[in-house]
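J.: I need the structure of the sequence given here:
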Amino acid sequence: MDQKQMVQQIFDFGKSTLDSSYSAICMFQDQSEKIGNVILNQASWVPEEGKKSIQSLVEAYKQGREEFKKNMDDGLKKAGDYLKGL
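T.: Here you go, the predicted structure:
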């Protein structure tokens, strides 16, 4: 096996691992959000403004997560293009 092919396989494995890890983290966070919403909806002592604040934080967190994924994919695409050019 030549070096170029070996480096490409290592890169593909790393990319696959990152994608799988990101998906697992997203599933965990989405499930946590669902559980948090159930608890929050049953907590009558939390004012409506507090619930809205928490929801806006969750939305901001999701946007950050999506932006991170986009940046990660862009960087990996550039690295992959570079490796293909070798």
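
J.: what mean pLDDT does the helix or strand where residue 60 lies get?
T.: Using DSSP states H and E, residue 60 sits within helix 48-85. The average of the pLDDT scores along helix 48-85 is 94.

J.: quick one, phi psi at residue 19?
T.: Main-chain torsions, residue 19, degrees, to the nearest 10: phi -60, psi -40.

J.: what's the burial count for it?
T.: 14 (other Cβ atoms under 10 Å). C-beta coordinates here come from the backbone N, C-alpha and C atoms, glycine included.

J.: please apply the same query to residue 26.
T.: Neighbours around residue 26, by other Cβ under 10 Å: 14.

J.: which residue is the nearest non-sequential neighbour of it?
T.: Nearest residue to residue 26, sequence neighbours excluded (Cβ to Cβ, 6 or more residues apart in numbering): residue 65, at 6.9 Å.

J.: what does residue 86 give?
T.: Leaving aside its chain neighbours, residue 86 sits nearest to residue 4 (5.8 Å; criterion: Cβ to Cβ, 6+ apart).
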